[in-house]
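Colleague: Sequence and predicted structure below; questions after.
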Amino acid sequence: MSTIPTGPLEETGYRLTAPRRAVLEAIAGATRPFTIEELSDRLPNIGRATVFRTIKLLHELDIVCRVPLEDGGIRYERSRSGHHHHHLICSECGSVTEFNDPALDEVIEQNATTASFELDGHSAELYGRCASCQAAS
């Protein structure tokens, strides 16, 4: 099982409580993106509200990232790159691959500037079929 770095929690003054540690361990053991409900089901001794608040905090600290799905659902996964990134999401098997593209980010920022829009953040999710699912067809 891989581990998730706890440094960002401690460096920003958050305590690594037993419930937070349990959530981090459950995330480290996840093999695919998960919903808060799925994670909460794996942690029956921790309240759903605690799981939700912990995921919100971990998202703010870029320890986990949101993965918006084509159907409007939201899943979460461990942020592997540790910096701003986007996702390639397979509509068939559900696999998620992170990518970063500074040129794409720059175009988005330029569009915001051109529209006199103060940009707080952005995300880009690309939906399609991964190489494995294409090969299986």
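Modeller: On my side now, so go ahead. Since we're looking at a predicted model, the values are computed, not measured.
Colleague: which stretches of this structure have low pLDDT?
Modeller: Along the chain, the parts satisfying pLDDT under 70 run over 1-3, 5-7, 81-82.
Colleague: Which parts of it belong to which domain?
Modeller: Per the record, the chain has its domains at 1-82, 84-137, by automatic domain parsing.
Colleague: Quick one: the strands in this structure, in order.
Modeller: Applying DSSP state E to the chain gives strands spanning 64-68, 74-78, 86-90, 96-99, 125-128.
Colleague: helices and strands around the last one, which ones?
Modeller: Here strand 125-128 is seen to pack against strand 86-90 when contacts are counted using 3 or more Cβ pairs under 8 Å, 6 or more residues apart in numbering; DSSP states H and E. All C-beta atoms are positioned from the backbone trio N, CA, C, and that covers glycine.
Colleague: Would you mark the buried spots in the strand it packs on?
Modeller: His86, His87, Leu88, Ile89, Cys90 (16 or more other Cβ atoms under 10 Å).
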